[in-house]
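Colleague: here's my sequence, what's the structure:
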Amino acid sequence: MAQNQAKFGIIGLGRISQRFAKVLNTCDQALLWAVAAREQERADSFAKEYGAKRAYGNYLDLMNDPEIEIVYIGLTHNFHYEVVKQCLEHGKAVLCEKPMVLTKWEAEDLAACAEKNQVLLMEAMWTRCLPASLKTKEWLKAGTIGEVRYLDVQFSFHVEYDPEERLFNPALAGGALYDAGVYPLEYAYDVMGGFSENMHSMHTLTPNGLDSFDVITMQYGNGAIAHMVCGISLNTISDAYIYGENGHIIVRDFLRGKRCELYNDQNELLDFYEEEAEDGFIYQICHAAELVKNQKLQSPYIPWQDSIACSELFERLMREWKLKE
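Modeller: Numbering: from 1, shown residues only. The predicted model follows:
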């Protein structure tokens, strides 16, 4: 074991954590130290499959393990706030699956808790760590397309309605906005430099009253427009289009972000960046491990303010759609 490896714990051992553990084991900067579930047998099975050193039948035992430096939270959204806060209070850095929380107050409270305990808190917005995403930001910062005038970003997939499925379960914070919407919303926040109060939105509903397909449009003070789409009832193309005064950028399948293309205002390809990775989670995991070893509290790619702003927008949209009080 390398001395500079960050020792990870995983809480919540569902499908997303299986993917996370598999990729973590390919990161030279990280070590899977322990996993925790509510049942010891499940934790033992997961630890055996993915090579964790220890397995715990409750979350607190993992939080009390002195070897663990950072905990990945792979639970459903409704459990994030409580478990993340407990980890922070136990002095553990946290990488929490998106969306980190669902309200502005919760996001601000967790940020304050991380500050108080001097540990890293990072939302697992892995798309921002992808090389193509970083290249896109580099082009934007350099002004290669001029001021951004229009953004079109979509992430929607089709799942057959099943009230027993997590995506359609109100008790587990189901619905399109929380599960799919966090990607285009946080992408827009990053590209446009924030959200606008001038917003219009539409949505459709599942048979049990959750949002299934959402369209959100914002206009900014300088006239720029951001168009965001998310859903769990329709497959859409997930390319992101960023139009500026002097050209545009296309990020092919922005969620996985393996290729981005730079065009001038004559639609001529000027440059492109492409990098293949077996799984894009690798960049997020290595980034989080580096932050822990350097004793950072926030990620420069996913700062607390972005997570807070997205949680606030969740609340606003849910109120407007009358899906929550």
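
Colleague: so Asn47, which state does it fall into?
Modeller: In this structure residue 47 is Ala, not Asn. Secondary structure, DSSP: H, G, I helix; E, B strand; the rest coil: Ala47 is helix.

Colleague: is it true that it touches Arg54?
Modeller: Yes - using CB atoms under 8 Å, Ala47 is in contact with Arg54, at 7.0 Å. C-beta coordinates here come from the backbone N, C-alpha and C atoms, glycine included.

Colleague: more neighbours: these two, which one.
Modeller: Ala47 (23 against 17; other CB atoms under 10 Å).

Colleague: now do the closest residue to Met63 other than its chain neighbours against Glu274, distance only.
Modeller: In space, and not counting its chain neighbours, Met63 is closest to His90: 4.1 Å by CB to CB, 6 or more residues apart in numbering. Relative to Glu274, His90 is positioned 41 Å away (CB to CB, to the nearest Å).

Colleague: do the same with Asp109
Modeller: In terms of CB to CB, Asp109 sits 41 Å off from Glu274.

Colleague: the more surrounded of those two?
Modeller: Between Asp109 and Glu274, counting by other CB under 10 Å, Asp109 is the more crowded of the two (16 against 12).

Colleague: who are the contact partners of that one?
Modeller: Tyr81, Lys85 (CB atoms under 8 Å, 6 or more residues apart in numbering).

Colleague: from Glu275, how far out is it?
Modeller: 37 Å.

Colleague: before we move on, the earlier item: which neighbours do Ala47 and Arg54 share?
Modeller: Common neighbours of Ala47 and Arg54 (CB under 8 Å, 6+ apart) are Ala34, Val35.

Colleague: distance from the chain centre to the one helix or strand Met202 maps to, please.
Modeller: Per DSSP states H and E, Met202 falls inside strand 199-205. What separates the centre of strand 199-205 from the centre of its chain is 22 Å, taken as CA atoms, centre = their mean, to the nearest Å.

Colleague: check which helices and strands that strand sits against.
Modeller: Packed against strand 199-205, as judged by 3 or more CB pairs under 8 Å, 6 or more residues apart in numbering; DSSP states H and E, are the following elements: strand 211-219, helix 304-320.

Colleague: buried sites along it?
Modeller: Judged by neighbour count using 16 or more other CB atoms under 10 Å, the buried positions of strand 199-205 are Met199, Ser201, His203.

Colleague: got those as JSON lines, with pLDDT and distance to Glu290 columns?
Modeller: JSON lines is the format used below for those (pLDDT from 0 to 100; distance: CB to CB, whole Å):
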{"residue": "Met199", "pLDDT": "98", "distance to Glu290": "36"}
{"residue": "Ser201", "pLDDT": "98", "distance to Glu290": "37"}
{"residue": "His203", "pLDDT": "98", "distance to Glu290": "39"}
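
Colleague: so which of the residues you listed is the closest to His248?
Modeller: Met199 (23.2 Å; CB to CB).

Colleague: and the gap between that closest one and Gln118?
Modeller: 36 Å.

Colleague: got it, and Ala47?
Modeller: From Ala47 to Gln118 the distance is 29 Å (CB to CB).

Colleague: show me where the stretch 1-150 of the chain has strands.
Modeller: Along the stretch 1-150 of the chain, counting by DSSP state E, counting those that start in this stretch, strands occupy 6-11, 30-36, 54-56, 70-73, 93-97, 121-124, 148-156.

Colleague: these: which one's closest to Val229?
Modeller: So among the strands of the stretch 1-150 of the chain, strand 148-156 is nearest, using CB to CB, at 3.9 Å.

Colleague: hang on, Glu261 in a strand?
Modeller: Yes - Glu261: assigned to a strand according to three-state DSSP.

Colleague: not counting sequence-adjacent ones, nearest residue to the residue nearest the centre of the chain?
Modeller: Nearest residue to the geometric centre of the chain (CA atoms, centre = their mean): Met125, 2.5 Å. Nearest residue to Met125 in three dimensions, chain neighbours excluded: Ile302, at 4.8 Å (CB to CB, 6+ apart).

Colleague: quick one: that neighbour and Glu123 touch, right?
Modeller: Yes - at 5.2 Å, Ile302 and Glu123 qualify as touching, with contact defined as CB under 8 Å.

Colleague: for the chain, which segments are assigned as helices?
Modeller: Applying DSSP state H to the chain gives helices spanning 15-24, 40-50, 59-63, 80-89, 104-117, 131-141, 176, 182-192, 281-293, 304-320.

Colleague: returning to that earlier point: mean pLDDT and distance to Phe254 added to the strands of the stretch 1-150 of the chain, as JSON lines?
Modeller: Listed next are the strands of the stretch 1-150 of the chain as JSON lines, based on pLDDT from 0 to 100; distance: least, CB to CB, whole Å:
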{"stretch": "strand 6-11", "mean pLDDT": "99", "distance to Phe254": "27"}
{"stretch": "strand 30-36", "mean pLDDT": "99", "distance to Phe254": "25"}
{"stretch": "strand 54-56", "mean pLDDT": "99", "distance to Phe254": "36"}
{"stretch": "strand 70-73", "mean pLDDT": "99", "distance to Phe254": "23"}
{"stretch": "strand 93-97", "mean pLDDT": "99", "distance to Phe254": "19"}
{"stretch": "strand 121-124", "mean pLDDT": "98", "distance to Phe254": "16"}
{"stretch": "strand 148-156", "mean pLDDT": "98", "distance to Phe254": "6"}
